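Trainee: need coordinates for the following:
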Amino acid sequence: MSKSSKKPSIISYPTLSKSLTGIIGLDEITGGGLPTGRPTLICGDAGSGKTLMSMEFIVRGAIEFNEPGVFMAFEEKADELAMNVASLGFDLQKLQADKKIRLDHVHIERSEIEETGEYDLEGLFIRLGHAIDSIGAKRVVLDTLETLFSGLANERILRAELARLFHWLKEKGVTAIITGERGEGKLTRHGLEEYISDCVILLDHRVIDQISTRRLRIVKYRGTVHGTNEYPFLIDEEGISVLPVTSLHLAKDVQSERVSTGIAGLDEMLGGKGFFRGSSILVSGTAGTGKTSIAAYFAVESCKRGERCIYFSFEESPKQIIRNMNSIGLDVQQYVDNGLLHFHASRPTLYGLEMHLVAMHKHIRKFKPHTVILDPITNLITIGSIGDVKSMLVRLLDFLLEEQITVMFTALSLNTIVNEQTDEGVSSLVDAWLLVRDIEFNGERNRGMYVMKSRGMKHSNQVREFLITDNGLGLVDVYLGPDGVLTGSAREAEQLKENTGQALRTYALDRKDREISRKRKVLEAKISSLQTEFESVEEELNKIYHEEELKKEVMDQNRRDVINIRREKKDAPAEAPVKKKGKK
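Mentor: Alright, predicted model coming up:
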């Protein structure tokens with residue numbers, strides 16, 4: 001007998017319970033938040049954002065997840081904390097009145113702490129336990145441990161008390177955050193907390209080339225998979241925003257829908273339909289070739305479809321762009337007023353590359369646009385290397401592709417190695433690349449547009465002359481003359497010459513047509529005369545022919561009559577002769 005095959009049963013393993021922080025990006029990196037009912041250590045240098053992150057964890061837990069929290073500070077007083085976070089829109093006094101959170105300041109004098117065997121944290125446990133029970137807290141923050149253990153130098157006592165603290169927090173079943181100052185060559189000054197914490201988050205605030213950048217790294221997270229890279233984060237008026245690193249998987253969805261560029265001639269070069277929705281486009285060219293105008297047309301065309309667009313400018317202010325576009329007949333202000341177009345202008349030196357990326361990520365998440373413009377990306381090279389700029393754009397492109405957002409970059413091309421490398425590095429990442437170049441001929445400078453590439457669609461391989469007029473942007477076919485490609489006044493002169501020649505040829509053809517018409521009439525008259533003469537001759541000949549025929553018929557009839565007469569005489573009887581009498 002054959003044994004019946006059995007399918008292997010799927011074994012489900014318990015997963016670590018996590019509590020969402022509500023901090024943008026942090027829950028994604030941690031895979032769902034901080035470990036529920038376990039302590040988490042947040043360490044970093046002074047000013048790295050430890051207290052703010054801890055406070056946001058408490059406030060968002062109370063507001064968004066209905067989990068009351070206790071914030072116990074050993075340095076700042078409750079009113080100072082409330083004032084410090086008021087700029088973020090956190091009303092701590094109201095939250096305390098509603099028993100959503102509880103702030104408690106514990107003052108510790110180092111001189112009052114004696115290193116004896118009887119030293120313990122029972123007083124702290126009683127006070128903290130009362131605060132937790134008074135509001136039914138699910139979250140706890142202790143800020144900071146250095147102040148709490150500032151008077152302890154005995155490592156044995158310090159280790160024992162730290163272990164007691166962490167175990168006590170676990171027994172209470174609260175999700176806790178403990179902050180600590182970073183030490184020399186260690187995550188914390190004591191170098192012990194990271195070993196007994198279930199989750200350790202390191203915050204870093206570094207300054208490179210006078211540009212400051214904040215970064216976050218999860219050093220360890222027991223019982224779960226987590227991100228291990230360094231992640232930039234931003235502190236602004238809405239709190240902390242963390243940007244996850246780009247996905248390593250190229251499995252994003254794509255669309256076949258096409259969107260117009262707003263320039264009819266350019267749409268024709270792209271098969272008459274424009275770019276794919278959710279694709280990335282690069283417009284590069286030298287200064288003054290109209291890159292910003294092309295980007296503005298693309299943004300306005302998106303708004304005309306009722307779609308939102310966000311315009312990141314690193315060179316011009318929104319008012320400058322609006323004024324300049326008015327000069328070519330493009331009204332941008334109306335779309336700003338109705339909320340479809342949003343400008344975000346800043347100098348590249350305002351942040352580091354990572355911080356710019358976080359800021360753009362946050363604005364896009366908040367505004368939810370269909371189209372994004374970055375003008376120009378080459379300005380970012382002033383705050384980072386070519387590799388850094390490319391890495392940043394890869395991460396931004398991955399995010400936009402994930403969200404199915406169409407993005408257009410503009411890039412300044414110069415006759416320098418650095419900018420050419422930047423241009424080429426970016427052009428390899430995008431789906432479509434438009435190049436606008438200067439064409440100098442006959443003592444003037446004109447613009448020519450090329451479609452260098454456009455993935456997934458049929459596109460023109462010819463150059464078009466790019467025109468910027470009071471009535472807008474346009475593309476015309478260049479004139480291929482004996483001396484090569486002609487543009488501008490040379491093209492117009494050659495076209496005028498060609499039109500003149502065409503007019504002369506048309507006049508000559510008309511004259512020949514008239515002469516042919518006259519000759520045709522003369523010939524037709526001659527043909528008519530000959531036709532009449534021919535008919536007369538034919539009629540005369542027909543007359544003779546008919547007379548002969550008639551004559552012949554008459555003769556034949558006479559002949560028949562004579563024959564009949566003779567036949568009659570022959571058939572008649574003979575008569576007796578008559579005697580004649582003579583005279584006597």
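
Trainee: count of residues packed around G37?
Mentor: G37 has 17 neighbouring residues, counting by other C-beta atoms under 10 Å. Backbone N, C-alpha and C define where each C-beta goes, glycine included.

Trainee: could you pull out the strands for the stretch 151-300 of the chain?
Mentor: Applying DSSP state E, counting those that start in this stretch to the stretch 151-300 of the chain gives strands spanning 175-181, 199-208, 211-221, 230-236, 239-242, 258-259, 275-276, 280-285.

Trainee: would you convert the ones you listed into CSV that also reports distance to S17?
Mentor: What follows is the strands of the stretch 151-300 of the chain, written out as CSV (distance: least, C-beta to C-beta, whole Å):
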stretch, distance to S17
strand 175-181, 9
strand 199-208, 13
strand 211-221, 13
strand 230-236, 23
strand 239-242, 21
strand 258-259, 45
strand 275-276, 43
strand 280-285, 40
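
Trainee: can you lay out those strands as CSV showing distance to L353, mean neighbour count and mean pLDDT?
Mentor: Compiled in CSV, those are given as follows (distance: least, C-beta to C-beta, whole Å; neighbours: other C-beta atoms under 10 Å; pLDDT from 0 to 100):
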stretch, distance to L353, mean neighbour count, mean pLDDT
strand 175-181, 28, 25, 88
strand 199-208, 10, 18, 85
strand 211-221, 8, 19, 83
strand 230-236, 8, 20, 81
strand 239-242, 15, 22, 82
strand 258-259, 29, 20, 92
strand 275-276, 26, 24, 92
strand 280-285, 18, 26, 90
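
Trainee: so which of the ones you listed gets nearest Y297?
Mentor: Taking C-beta to C-beta as the criterion, strand 280-285 is the member of those that comes nearest to Y297, at 10.6 Å.

Trainee: list the contacts of the closest one.
Mentor: Contacts of strand 280-285 with the rest of the structure, by C-beta atoms under 8 Å, 6 or more residues apart in numbering, involve 275, 291, 294-295, 298, 397, 400-401, 406-413, 423, 426-427, 429-437, 447.

Trainee: got it, and stretch 436-454?
Mentor: Residues outside stretch 436-454 that contact it (C-beta under 8 Å, 6+ apart): 266, 269-270, 275, 283-286, 289-291, 294, 427, 431-435, 459-461, 463-468, 475, 478, 485-490.

Trainee: for stretch 302-316, which positions count as buried?
Mentor: Neighbour-count burial for stretch 302-316 flags 302-303, 307-316 (criterion: 16 or more other C-beta atoms under 10 Å).

Trainee: same deal with stretch 444-458?
Mentor: Within stretch 444-458, the residues that qualify as buried by neighbour count (16+ other C-beta under 10 Å) are 446-451, 454, 457.

Trainee: same question for that stretch, mean pLDDT?
Mentor: For stretch 444-458, the mean per-residue pLDDT is 86.

Trainee: of all the strands of the stretch 151-300 of the chain, which lies closest to N558?
Mentor: Put simply, out of the strands of the stretch 151-300 of the chain the one that sits nearest N558 is strand 258-259, at 101.9 Å, with distance taken as C-beta to C-beta.

Trainee: burial measure for E549, as a count.
Mentor: Other residues near E549 come to 10 when the count uses other C-beta under 10 Å.

Trainee: quick one: it is in a helix?
Mentor: Yes - with DSSP: H, G, I helix; E, B strand; the rest coil as the criterion, E549 is assigned to a helix.

Trainee: now it: how far from G32?
Mentor: The spacing between E549 and G32, counted by C-beta to C-beta, to the nearest Å, is 124 Å.

Trainee: on that earlier part again, quick one, which of the contacts of stretch 436-454 are buried?
Mentor: Judged by neighbour count, with buriedness set by 16+ other C-beta under 10 Å, the buried members of the contacts of stretch 436-454 are 266, 269-270, 275, 283-286, 289-291, 294, 427, 431-435, 459-460, 463-468, 475, 478, 485-488, 490.

Trainee: ok, back up a step: for E238, state which of the buried residues of stretch 302-316 is nearest.
Mentor: Within those, distances to E238 taken as C-beta to C-beta reach their minimum at I310, with 16.6 Å.

Trainee: dihedrals phi and psi, that closest one?
Mentor: phi -120, psi 130 (degrees, to the nearest 10).

Trainee: so it is in contact with V372, correct?
Mentor: Yes - between I310 and V372 a contact is recorded at 5.5 Å, counting by C-beta atoms under 8 Å.

Trainee: name the residues contacting each of the two.
Mentor: Counting by C-beta under 8 Å, 6+ apart, the common neighbours of I310 and V372 are I364.

Trainee: ok so, going back, F534 is nearest to which of the strands of the stretch 151-300 of the chain?
Mentor: With C-beta to C-beta as the measure, strand 258-259 is the member of the strands of the stretch 151-300 of the chain nearest F534 (71.8 Å).

Trainee: does anything pack onto the closest one? Which helices or strands?
Mentor: In this structure, strand 258-259 makes packing contacts with strand 275-276, judged by 3 or more C-beta pairs under 8 Å, 6 or more residues apart in numbering; DSSP states H and E.

Trainee: list the contacts of the strand it packs on.
Mentor: Counting contacts by C-beta under 8 Å, 6+ apart, the residues outside strand 275-276 that touch it are 254-259, 261, 281, 406, 431-432, 454, 456-457.

Trainee: farthest-apart pair in those, please.
Mentor: Farthest apart among those by C-beta to C-beta are V254 and T261. That separation is 18.8 Å.

Trainee: of those two, who's got more company?
Mentor: Counting neighbours by other C-beta under 10 Å for V254 and for T261 shows that T261 has the greater number, 24 against 12.

Trainee: give me the domain ranges for the protein.
Mentor: Annotated domains of the chain cover 18-242, 258-477, 480-550 [automatic domain parsing].

Trainee: can you put these in TSV and add distance to D561?
Mentor: Conversion of these to TSV gives the following (distance: least, C-beta to C-beta, whole Å):
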stretch	distance to D561
domain 18-242	135
domain 258-477	96
domain 480-550	16
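
Trainee: so where's this structure uncertain?
Mentor: In the predicted model of the chain, residues 1-14, 108-120, 147-155, 183-195, 211, 244-251, 414-425, 442, 478-495, 571-584 satisfy pLDDT under 70.

Trainee: let me know the closest of the buried residues of stretch 444-458 to V59.
Mentor: Among the buried residues of stretch 444-458, and counting by C-beta to C-beta, the member closest to V59 is S454, at 48.2 Å.

Trainee: what bridges to that closest one?
Mentor: For S454, the residues forming beta bridges with it (DSSP bridges) are A432.

Trainee: which ones among the buried residues of stretch 302-316 lie within helices?
Mentor: When these are checked against helices (DSSP state H), the matches are 302-303.

Trainee: and which of the buried residues of stretch 302-316 is nearest R559?
Mentor: Proximity to R559 was ranked across the buried residues of stretch 302-316 by C-beta to C-beta; first place goes to S302, at 111.1 Å.
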